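Participant: I'll drop the sequence and a predicted model, then ask my questions.
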Amino acid sequence: MKSTLELRHLKTLHALRQAGSLLRAGALLNLTQSALSHQIKHLEDYYAITLFERKTVPVRFTPAGERLLKLADAVLPQVAEAERDLARMVQGESGQLRIAVECHTCFDWLMPAMDVFRGRWPEVELDIVSGFQADPIGLLYGHRADVAIVAETDPDETVDYHALFSFEIVALVAHDHPLADKEFLVAADFAGDTLITYPVPDDMLDIVRLVLKPAGVAVERRTTELTVAMLQLVASHRGIATLPLWAAQNYVNRDYVRAKRINREGLTGRLFAACLPEMSEKPYFTDFVSSTRESCYLSLDSVELL
């Protein structure tokens, strides 16, 4: 019998185990749920087997599925390593990635993502440009950074933007705050209260730029460098904070503060990796982007791939 088993099938099953559903596995592989379902069904029909039980959360694999996952665990890392070796042969082994960030909470996910990358490209010098950067794109032009993590794209800049992920931004209030029982908050709810933020300009705060300013709502601000200090101020009735849900989730789970959706549809933030065009051609940079997207999608709450 001629085998129909291909690398793409192993990658699909591996992604399904990682992500827990066909929908999320499709996001990892940049394929639709329908395409993945068709791919798996074709394999199951060919071998007259079932690879996993439908409608189980998390997904439960059959013995046949587990056997193919064992093969995927053995083969896929070797394929990925061989691809990196080929790239090194063509473009050289060494390089550097100096990363500049404009968001304080970036460090929560950037450090783990860097650990993943470091294991894949140990010969690439990896560093973070010290401190919060108000103009990370300027650092690219000045060759003081190789990658800038930014929240917006600007078509007037001569840089390449690589989509990372989107996430929900929530408002954090004390348990007995007058707004604590509202289903969601709107711009007017912030009026007369203090907005607790990191020390950044107004135009770098999504809550101000996308919600308060368009509604003509001005608020008093209080700033702090530390996330934990921000949430202590919230719990002590000093004001309202807004953070990515993944940055606040542990505090919400511990019942320290309450998270409220902003607007009925929610407030969405986005992150991109910006670089000069020549960096986009570096295989280690493209691997940094893809490994960062994957690690954040699998580990952070309320994250969707762009």
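Facilitator: Looks like it arrived, so ask away. Numbering: from 1, shown residues only.
Participant: you'd agree residue 75 is up against residue 11?
Facilitator: No. Using Cβ atoms under 8 Å, residue 75 is not in contact with residue 11; the gap is 9.8 Å. In short, each C-beta sits where N, CA and C put it, glycine included.
Participant: who has more neighbours out of those two?
Facilitator: Neighbours were tallied for residue 75 and for residue 11 using other Cβ atoms under 10 Å; the higher tally belongs to residue 11 (19 against 14).
Participant: I'd like the next helix or strand past the strand or helix carrying that one.
Facilitator: Using DSSP states H and E, residue 11 falls within helix 7-19. Per DSSP H and E, helix 7-19 leads on to helix 22-29 as the next helix or strand towards the C-terminus.
Participant: what helices and strands are in contact with the longest helix seen in the chain?
Facilitator: Ranked by number of residues, the top helix in the chain under DSSP state H is helix 63-91. Packed against helix 63-91 by the contact rule (3 or more Cβ pairs under 8 Å, 6 or more residues apart in numbering; DSSP states H and E) you find helix 7-19, helix 283-299.
Participant: buried ones in that helix, by neighbour count?
Facilitator: For helix 63-91, burial by neighbour count (16 or more other Cβ atoms under 10 Å) applies to 64-65, 68-69, 72, 84, 87-88.
Participant: continuing past that helix, what's the next helix or strand?
Facilitator: Helix 63-91 is succeeded, C-terminally, by strand 95-101 (DSSP H and E).
Participant: I'd like to know how many residues surround residue 20.
Facilitator: For residue 20, using other Cβ under 10 Å, the count is 15.
Participant: apart from its chain neighbours, what residue comes closest to it?
Facilitator: Once flanking residues are discounted, residue 20 sits nearest to residue 58: 4.6 Å by Cβ to Cβ, 6 or more residues apart in numbering.
Participant: neighbouring contacts of the helix or strand hosting residue 251?
Facilitator: In this assignment (DSSP H and E), residue 251 forms part of helix 245-253. Contacts to helix 245-253, defined as Cβ atoms under 8 Å, 6 or more residues apart in numbering, come from residues 105, 108-109, 167-170, 172, 227, 231, 257-259, 300-303.
Participant: buried subset of the residues you listed?
Facilitator: 105, 108-109, 167-170, 172, 227, 231, 257-259, 300, 302-303.
Participant: ok, residue 51 - contacts?
Facilitator: Contacts of residue 51 (Cβ under 8 Å, 6+ apart): 13, 40, 43-44, 61-62, 64-65, 68.
Participant: ok, the residues you listed vs residue 150, which is closest?
Facilitator: Nearest to residue 150 among those, counting by Cβ to Cβ, is residue 13 at 34.9 Å.
Participant: that older thread, what two of the buried ones among the contacts of helix 245-253 are the furthest from one another?
Facilitator: 109 and 258, at 23.2 Å, using Cβ to Cβ across these.
Participant: any chance of the contacts of residue 51 in CSV, plus distance to residue 95?
Facilitator: Output for the contacts of residue 51, formatted as CSV (distance: Cβ to Cβ, whole Å):
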residue, distance to residue 95
13, 33
40, 38
43, 38
44, 43
61, 38
62, 43
64, 42
65, 38
68, 35
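Participant: looking at the contacts of helix 245-253, which are in helices?
Facilitator: Counting by DSSP H, the contacts of helix 245-253 place 108-109, 227, 231 in helices.
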